[in-house]
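Peer 1: Have a look at this prediction, sequence included:
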Amino acid sequence: MRAVKAPITFLFLAMAFAWVSAQQARPSNRAVLFEGARLISGEAGAPIESSAFLVENNRFTRVGRKGEVQAPAGATRVDLTGKTVMPALIDIHNHLGWTDHKTNKASKESYTRELVIDHLQRYAYYGVAATLSMGLDRWDVNPDMPYQLRNETLPNAARFLTVGRGIAATPMAGPPVDYRLGVPYGAETEAEGIAHVRELHDKKVEMIKISVDDRLGTVPKLKVPVYEAIINEAHKNAMRVVAHIFDLSDAKQLMKSGVDGFAHTVRDKDVDDEYMTILKQHPKVWAGANLPGRTLTPAESEAEIAWMSDALPPSQVKRLPDQLANRVAGRGGRGGRGGGTGPSDMFGIQCRNNKRVHDAGMILGVGTDANGDVGSGVHTELADMVFCGLTPAE
């Protein structure tokens, strides 16, 4: 047994039971002893089977095995036998409030407070404590709503964070889906880029998202002098800049220009030695894994549908086989570029790139790009990261 003084960052991945237990276990003396769970602490070493951990005043104070941790007089005991406890998860890249999971429809008008909260509650159900909306908040439908939600503590819901609208070459240069067109700021000049950074700073946004992608040659790409002006202005205001990219050449130049992170790794080809040299020169640059989904065996598809089914209405469960097939075929979905029409090696490219940059020391975070697979996609991406060569602990 060991004493610890860690803040509450654990969620119970026992699905709905988790949040019910947490809400019920709030005694007046604020001491709760949880016993019997398989505990994945997040530290090096094997999980603790049949664990016990004591929470006092919202802090973990004792961790050990069942029978070794003594609770103070009057503490509440919670039996977690058969459950697994692990650190809460964070999704650093998603787009909430678009797709209604009950109807599988998305439109400009679907971006409502109620739907965003529904998505946040789905995230919590899957053990996710916080989410970062990455630059597609529908400002013209509910302009203040994202910033209001950012400051709220919502019952049984993940915390909502946002980068605001995001910046592209033009408002039409974001994702090529009708209901998302017109969302980003457009910046064709350095002055426009700087003005947008200042507006987001006034809204207390801490991170700027820029889109440096011509969407298969269909839209103009954010120019280098413009995004360099955006990066410089952001850094002057203690803000970070994360870039949506596709091409290897853009990733190289963005690192040279001082970008802080990437919404995902390079997707058009395998990274080369020049990229790795630049990365070593900029060791603080990070990326979201944002893997697009891999080909599943029939058994894997059946298992994935089975574990997702308890959180979805029957109408959506029926759609899962087709959704898995579309994801694999490269037609949008988690991590996809959108607008694709057939198979590609996008997963293989990103899988290899994730492993190579990780081995070189780049920090990779879970960033699902979720719109449809809200919550469950985090676990799918974690499994895919392991498939690509990271260890479960990593």
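Peer 2: Now that the structure is in, tell me what you want to look at. Residues are numbered from 1 along each chain as shown.

Peer 1: Could you grab the helix/strand/coil label for the residue nearest the centre of the chain?
Peer 2: Centroid-nearest residue in the chain: D91, 2.1 Å away (criterion: CA atoms, centre = their mean). When classified by DSSP: H, G, I helix; E, B strand; the rest coil, D91 comes out as strand.

Peer 1: In this structure it contacts T131, no?
Peer 2: Yes. Between D91 and T131 there is a contact at 4.9 Å, judged by CB atoms under 8 Å. Where C-beta positions appear, they are placed from N, C-alpha and C, glycine not excepted.

Peer 1: which residues do those two both contact?
Peer 2: The contact sets of D91 and T131 overlap at Y123 (CB atoms under 8 Å, 6 or more residues apart in numbering).

Peer 1: In contact with the residue nearest to the centre of the chain, which residues are there?
Peer 2: Counting by CB under 8 Å, 6+ apart, D91 touches 123, 128, 130-132, 366-368, 370, 377-378.

Peer 1: of all those, which two lie farthest apart?
Peer 2: The distance between the two most remote of these (CB to CB) is 15.0 Å, for A130 and G377.

Peer 1: More neighbours: which of these two?
Peer 2: The residue with more neighbours, out of A130 and G377, is G377; 29 against 16, by other CB atoms under 10 Å.

Peer 1: I'd like the mean pLDDT over the strand or helix carrying that one, please.
Peer 2: Element membership for G377 (DSSP states H and E) is helix 376-387. In this model, helix 376-387 carries a mean pLDDT of 90.

Peer 1: Report the buried residues of it.
Peer 2: 376-382, 384-385 (16 or more other CB atoms under 10 Å).

Peer 1: Could you check what's spatially nearest to S110, not counting adjacent residues?
Peer 2: Using CB to CB, 6 or more residues apart in numbering and skipping residues adjacent in sequence, the residue nearest S110 is D100, 5.7 Å away.

Peer 1: wait, isn't the one you found in contact with V116?
Peer 2: No. Contact criterion CB under 8 Å: D100 and V116 do not qualify, at 11.2 Å.

Peer 1: Span of stretch 55-63 from start to end?
Peer 2: Criterion CA to CA, to the nearest Å; first-to-last residue distance in stretch 55-63 is 9 Å.

Peer 1: List the buried residues for that stretch?
Peer 2: Going by neighbour count (16+ other CB under 10 Å), the buried part of stretch 55-63 is 55-56, 60-63.

Peer 1: Nearest to R215 among those residues?
Peer 2: Distance to R215, by CB to CB, is smallest for F60 among these, at 46.2 Å.

Peer 1: which SSE is the closest one in?
Peer 2: Using DSSP H and E, F60 sits within strand 59-65.

Peer 1: strand partners of that strand, parallel vs antiparallel please.
Peer 2: Note on strand 59-65: by DSSP bridges, its sheet partners are strand 2-7 (antiparallel), strand 51-56 (antiparallel).

Peer 1: worst average pLDDT in those?
Peer 2: Note on those: lowest mean pLDDT is at strand 2-7, with a mean of 50.

Peer 1: after the helix or strand of the chain with the lowest mean pLDDT, next one along is what?
Peer 2: Using mean pLDDT, DSSP states H and E, the weakest-scoring helix or strand in the chain turns out to be helix 16-24, at a mean of 38. Heading C-terminal from helix 16-24, the first helix or strand you meet, by DSSP H and E, is strand 31-35.

Peer 1: Can you name every helix or strand that the helix or strand following that following strand contacts?
Peer 2: Under the assignment DSSP H and E, the closest C-terminal helix or strand after strand 31-35 is strand 38-39. Applying 3 or more CB pairs under 8 Å, 6 or more residues apart in numbering; DSSP states H and E, we find strand 38-39 packed against strand 51-56, strand 84-87.
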